[in-house]
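Novice: take a look and give me a structure for this.
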Amino acid sequence: MLAFLMILGLVVLVVGYGVLAYNKFVSQKNKVEEAWSDIEVQMKRRYNLIPNLVETVKGYAGHEKDTFAAVVKARTAAVNNQGSPAEQVKTENMLTGALRSLFAVAEAYPDLKASRNFADLQQKLAEVEDHIQKARRFYNGNVRDLNTRVEQFPSNLIANWFGFIKAEFFELDDPAAAKVPKVKF
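Specialist: Numbers count the residues shown, from 1 in each chain. Okay, the predicted model is just below:
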């Protein structure tokens, strides 16, 4: 009878651990999804600001058509990219580079730099870039926590059994792309 109770107790402990581990995986997976959603919201804010910024610069520097076309093309690619974080990094890097070119054009036009509308749009874009960076850190922290549990023993047994897999980090390939585009006035 004692052996039966010990085995029953061991089974209850193992099943209890399995339930707790499963629930923790579900919680961490949901945190990763929520964090990714935060990044998407901030990127959409960024995408919505860019056309206004381009139009403002166009008013001052209409002959810089190649730069404007590159910004619009990069923005369109970024908006339409619904792939993995690794795939979205590529379009985000392209967009950041195009924005740098746009700000370089703005440097050449003193009237534009003095424009209140341009300054406001630039400030809003800088704020959105900062929010995106914070959202990336939050997302990557949650990915790290989930990936650690997927790899650690004994939680890796539960992960394999229920199909929990590692998530992808959202990392920029180009270190220069991680910096917020700046224009000196």
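Novice: by mean pLDDT, flag the weakest helix or strand of the protein.
Specialist: The least trusted helix or strand in the chain, going by mean pLDDT, DSSP states H and E, turns out to be helix 110-114, with a mean of 70.
Novice: and whichever helix or strand comes after it, how far from the chain's centre?
Specialist: Once helix 110-114 ends, the next helix or strand along the chain (criterion: DSSP states H and E) is helix 116-151. Centroid separation for helix 116-151 versus its chain: 6 Å, with Cα atoms, centre = their mean, to the nearest Å.
Novice: cool, stretch 60-72 as well?
Specialist: 27 Å.
Novice: over to stretch 142-159?
Specialist: Distance of stretch 142-159 from the chain centroid (Cα atoms, centre = their mean) equals 22 Å.
Novice: just stretch 70-89 next, same as before
Specialist: Worked out by Cα atoms, centre = their mean, stretch 70-89 lies 12 Å from the chain centre.
Novice: now the end-to-end length of that stretch.
Specialist: Stretch 70-89 has an end-to-end distance of 17 Å (Cα to Cα, to the nearest Å).
Novice: same check, this time on stretch 151-159
Specialist: Distance across stretch 151-159, first residue to last, is 8 Å (Cα to Cα).
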